[in-house]
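*Asks:* What follows is a protein structure lacking sequence information:
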């Protein structure tokens, strides 16, 4: 039997962040272009206060709720220890480096040189420590009970389950596939009591098998059919699986795509006369940002789904465009808002006027049409300026219209009053940066 112990609780409130970081796509293709990336990741020394933990460098960082998550990984030995450190974003000292709003702070904090000793001195920080032995795995939460809130317990509950996945993968590589896994954790509905769950390691390692780990957190969900997504690190690399409802509830960094649909041609860098692009309006029944406009078709990648497949699926579902016409991946950018933290990979889709026909997904789109590129560029900039004036823009503080000197601002159009989805505008700013390089 393999023993795992962890820390459990229930709900959490998402932390509001905003901003984007731009970096090249990791997929190497001949037409792929590079863009700037201003994050840096550094190893962290082991926490000297945790004598049972072998020194394991922090190899990944991510974002969840109000924390930067610094994630050590198991070594290649049979016995291994690793820890995840949770540093409150607002406690990380960035000196004079902070630019923009709290989203910029979150992304810069994720790229900062946080070590275990500095994190332990922050109010509200905590750790998950995993010890892997030949016959058992122990995951424990080191939380100051005087400072701990329900939110912290909830976050420890969820991410301990993702941490366990790293340990299970390690065990699987060590040839422990025939063993059962026993998980002993405080009950989700009553932390003073413990619950025991037994699984087959082989079953957990099967496709969608990790969904079973979240049964205590989502007791009413049908885990056999639930959509699973990836928590990812700052580079967009998967760290583990979690059900999509928890992804949004805890505002966990994840993977997604944004597709610009172009009329009869792809858009290349330094394009002199870009083709028209498709703009659509969200339905007025949408829970988030009803009736706002978007110049991207966007969506979240499901666990194990390639980003190309995600892009193809989303343009097929939203606009009924099913003919293969997707570009190579163009760039990646990280966007963070109060409801969405996503490493977005951008594509274009070439709409062929001679053969393609757009039809809308009724619950997603209420209007759409191809719009001249300069009109989209100007209306997007005006939408950003309105958000800036209302202190609601989730990106860098800048005059968005400064970059539009070549646009005829003397012409007023109805489109100038379009308000776009803020996270779409964040990707649009990254798009404009990519085009100019």
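*Replies:* Now that the structure is in, tell me what you want to look at. Remember, it's a predicted structure, so these values are computed and weren't measured experimentally.
*Asks:* Can I take it that residue 167 is in a helix?
*Replies:* Yes. Under DSSP: H, G, I helix; E, B strand; the rest coil, residue 167 sits within a helix.
*Asks:* what about it, neighbour count?
*Replies:* 21 (other Cβ atoms under 10 Å). Where you see a C-beta, it was placed from the backbone N, CA and C, and this is true even at glycine.
*Asks:* I'd like to check which residues are in contact with it.
*Replies:* By Cβ atoms under 8 Å, 6 or more residues apart in numbering, the contact list for residue 167 reads 4, 74, 130, 132, 137, 139.
*Asks:* and the second one, how many neighbours?
*Replies:* The burial metric for residue 74, expressed as a neighbour count using other Cβ under 10 Å, is 21.
*Asks:* shouldn't it be in contact with residue 80?
*Replies:* Yes. Contact status for residue 74 versus residue 80: in contact at 4.3 Å, counting by Cβ atoms under 8 Å.
*Asks:* Helices of the stretch 251-400 of the chain, start to end?
*Replies:* Here the stretch 251-400 of the chain has its helices, by DSSP state H, counting those that start in this stretch, at 307-319, 373-389.
*Asks:* Redo those as CSV? Include mean pLDDT, distance to residue 211 and mean neighbour count.
*Replies:* Output for these, formatted as CSV (pLDDT from 0 to 100; distance: least, Cβ to Cβ, whole Å; neighbours: other Cβ atoms under 10 Å):
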stretch, mean pLDDT, distance to residue 211, mean neighbour count
helix 307-319, 97, 19, 20
helix 373-389, 92, 38, 19
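*Asks:* between those helices, which gets nearest to residue 329?
*Replies:* Minimum separation from residue 329 across the helices of the stretch 251-400 of the chain (Cβ to Cβ) falls at helix 307-319, 6.7 Å.
*Asks:* Could you give the separation of that closest one from the chain centroid?
*Replies:* Distance of helix 307-319 from its chain centroid, counting by Cα atoms, centre = their mean, to the nearest Å, is 18 Å.
*Asks:* gap between residue 252 and residue 69?
*Replies:* Residue 252 sits 9 Å away from residue 69, taking Cβ to Cβ, to the nearest Å as the criterion.
*Asks:* Overlap in contacts, the two.
*Replies:* Residues touching both residue 252 and residue 69 by Cβ under 8 Å, 6+ apart: 62-63.
*Asks:* mind listing which of the contacts of residue 167 are in helices?
*Replies:* Judged by DSSP state H, helices contain none of the contacts of residue 167.
*Asks:* And the chain, what are its domain boundaries?
*Replies:* If you go by automatic domain parsing, the domain ranges for the chain are 2-249, 255-435.
*Asks:* So which of the contacts of residue 167 is the closest to residue 333?
*Replies:* Nearest to residue 333 among these, counting by Cβ to Cβ, is residue 74 at 30.4 Å.
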